[in-house]
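**Student:** for reference, the sequence and a predicted model appear below.
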Amino acid sequence: MKKLISITILFCLSNIALFGQNLNDKKPTSTERIIKVDYTKSVGQMNTMFKECIGAGRANEGLRADWQQQLAMVKKECDFKYIRMHGLLTDDMGVYREDSKGNPEYNYQYIDVLYDFLLSIKIKPFVELGFMPSALASGNQTIFWWKGNVTPPKDYKKWEDLISNLTQHFTERYGAEEVKTWYFEVWNEPNLTPGFWTGTQAEYFKLYDYSTRAIKSVNPDYKVGGPGTAGAAWESEMIDFCEKNKVPIDFVSTHSYGVGQGFLDEFGQSGTVLSKDNGAVSGDVLQSRKEIAASTKPNLELHYTEWSSSYTPADPIHDSYHSAAYILQKLKQVGNAANSMSYWVFTDIFEEPGPRFTPFHGGFGLLNTQGIKKPAYFSYSFLKKLGTTELQNTDTSSWATKNTKGDVQVLLWDFTYTLPDATNNQQYYIKDLPSKPKGKVRIEVGGLSKGNYKLEIYKVGYKVNDVFTDYLSMNKPNQLTKEQVKTLKEKNNGSIFKTENVVVDTNRKYSKDIDMNENDVYLFNFIKQ
């Protein structure tokens with residue numbers, strides 16, 4: 001009996017050990033997420049709507065040396081084609097006044113300095129017409145620290161004359177062929193009353209009518225559109241107005257942000273909450289495209305001239321490493337629905353609530369005030385490194401591309417919503433937030449040419465190109481010393497995370513398993529040697 005019991009115990013122990021080994025030694029083939037692409041199987045040219053346009057705070061900030069230096073770097077490393085900003089016509093740009101008899105006087109010296117610089121670095125203006133010069137305004141209602149007047153013109157004919165004169169000036173200075181490539185957007189978020197517009201919808205349509213008439217009188221091929229609304233509003237109404245009144249419209253523009261409540265909060269006092277909806281932002285874009293397709297003008301271009309995770313420049317999610325994966329996730333979801341997705345904005349040199357007193361304050365920018373790169377910056381610099389041809393790929397959180405040199409790029413990420421219930425962004429994203437493991441991801445690339453490759457791996461994630469966590473480790477100084485700025489820039493420069501030498505043999509394949517954490521972003525760049 002003792003012998004039988006001993007044999008039984010031994011058998012059980014053996015099985016426990018055996019089952020434990022099976023559980024702990026999972027083979028790579030059991031990886032839940034596989035990104036499988038083939039160099040020989042493409043879907044066509046890579047859609048680069050993500051770098052068509054970028055936002056900036058206001059025109060007058062564009063006269064600053066540090067703003068210009070930062071934009072030149074952003075252009076080089078991210079390659080945005082257009083830039084859009086508020087305040088082109090506000091008083092701090094010195095554009096408009098009237099003499100003692102009420103006759104208009106125009107001055108474009110500041111605009112010329114700004115636009116000359118933009119074109120010198122090969123960025124085109126996405127011209128937002130606003131806000132109202134005080135000498136032309138019907139009231140004194142303003143918005144922001146820099147006091148943009150948001151009232152309708154006291155005289156619509158004088159507004160029309162100003163816009164036609166400005167458009168003629170652009171034509172004489174830069175040439176009609178150049179200006180034909182620009183976009184003219186009438187006003188900003190007129191549906192937010194009285195925040196950005198004290199008039200009615202009908203008065204906005206009147207402003208649009210006069211503006212369009214002015215621009216088209218200079219050259220009918222110049223592109224004009226709107227309504228530049230918050231929350232994807234007024235799109236169908238805009239198209240209907242233009243159709244019924246024979247008013248030209250070349251594109252529809254609107255905005256969307258990834259929070260479910262509110263629209264305007266310069267100081268972050270409302271307690272914004274990142275939306276749990278998987279279709280936040282992207283759902284608006286897809287719906288806008290559907291509305292245009294169902295309208296009498298189904299082929300209009302669609303430009304989202306502002307978008308971000310949050311609409312306030314006092315939201316710490318903008319500084320968090322979570323933003324990098326969020327941006328990529330939303331751009332991927334949009335697909336081909338939009339002609340451009342203009343991220344709001346490129347820099348924290350942004351003074352809607354006034355000059356900011358700390359180096360990291362939840363500002364919109366891809367860069368902070370000192371030009372330190374936030375995790376969000378690398379979403380765009382990594383996208384810039386992708387090839388010109390997109391490869392077939394069923395994974396919904398990655399892009400795979402190639403170029404004619406035989407190189408292959410795979411950009412992948414994990415976006416995980418981690419915001420606890422009953423907690424807002426301002427409470428949560430100010431903390432040190434370690435990321436949790438999400439398992440392994442297998443990357444399989446087939447159809448490669450035989451030979452040697454250099455594999456460059458780039459990464460963004462917790463404590464990797466994660467400047468806000470580094471800033472927290474410095475105990476959040478209100479002012480950064482030169483040495484601290486240098487340290488943060490060097491540690492968060494987006495340089496290569498790891499390199500490997502890869503030999504592709506006759507099977508023409510490469511595969512690799514990587515450990516993915518929440519909100520990690522990886523770029524694999526296979527360079528044919």
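**Tutor:** Nice, I can see it.
**Student:** every contact and neighbour count from this point should use C-alpha atoms.
**Tutor:** Will do.
**Student:** any idea how far the closest residue to Thr389 other than its chain neighbours is from Leu331?
**Tutor:** The shortest distance from Thr389 to any non-neighbouring residue, by CA to CA, 6 or more residues apart in numbering, is to Gln45 (4.5 Å). From Gln45 across to Leu331, the span is 16 Å (CA to CA, to the nearest Å).
**Student:** hmm, back to that, list phi and psi for the residue nearest to Thr389.
**Tutor:** Phi and psi for Gln45, reported as degrees, to the nearest 10, are phi -70, psi 140.
**Student:** count the neighbours of the nearest residue to Leu274 once chain neighbours are set aside for me.
**Tutor:** Spatial nearest neighbour of Leu274, excluding adjacent residues (CA to CA, 6+ apart): Val259 at 4.8 Å. The number of residues packed near Val259 is 21, by other CA atoms under 10 Å.
**Student:** returning to that earlier point: show me which of Gln45 and Leu331 is the more surrounded one.
**Tutor:** Neighbours per residue, other CA under 10 Å: of Gln45 and Leu331, the larger number sits with Leu331, 17 against 13.
**Student:** that one belongs to a strand, doesn't it?
**Tutor:** No. When classified by DSSP: H, G, I helix; E, B strand; the rest coil, Leu331 is found to be helix rather than part of a strand.
**Student:** and it, how close does it get to Arg173?
**Tutor:** Taking CA to CA as the measure, Leu331 falls 36 Å from Arg173.
**Student:** got it, and Leu63?
**Tutor:** Distance of Leu63 to Arg173, given as CA to CA: 19 Å.
**Student:** of the two, which one has the most company?
**Tutor:** Counted by other CA under 10 Å, Leu63 and Arg173 do not tie: Leu63 has more neighbours, with 17 against 13.
**Student:** how about residues contacting stretch 84-94?
**Tutor:** Residues outside stretch 84-94 that contact it (CA atoms under 8 Å, 6 or more residues apart in numbering): 53-60, 95-96, 107-108, 110-111, 125-134, 148-149, 188, 305.
**Student:** lowest confidence element among the helices and strands of this structure?
**Tutor:** Among the helices and strands of the chain, helix 2-24 carries the lowest confidence by mean pLDDT, DSSP states H and E, at a mean of 34.
**Student:** these two touch, right, Gly148 and Phe131?
**Tutor:** Yes. Contact criterion CA atoms under 8 Å: Gly148 and Phe131 qualify, at 5.7 Å.
**Student:** who are the contact partners of the residue nearest to Leu274?
**Tutor:** For Val259, the contacting residues are Thr272, Val273, Leu274, Ser275, Ala280, Ser309, Ser310, Tyr311, by CA under 8 Å, 6+ apart.
**Student:** need phi/psi at it.
**Tutor:** Dihedral angles (degrees, to the nearest 10) for Val259: phi -120, psi 150.
**Student:** ok, now how distant is it from Asp277?
**Tutor:** Applying CA to CA to Val259 and Asp277 gives a distance of 9 Å.
**Student:** before we move on, what about Leu302?
**Tutor:** In terms of CA to CA, Leu302 sits 22 Å off from Asp277.
**Student:** the more surrounded of the two?
**Tutor:** More crowded of Leu302 and Asp277, by other CA under 10 Å: Leu302, with 22 against 12.
**Student:** the more buried one belongs to a helix, doesn't it?
**Tutor:** No. Applying three-state DSSP, one finds Leu302 to be strand, outside a helix.
**Student:** sweet, I'm off.
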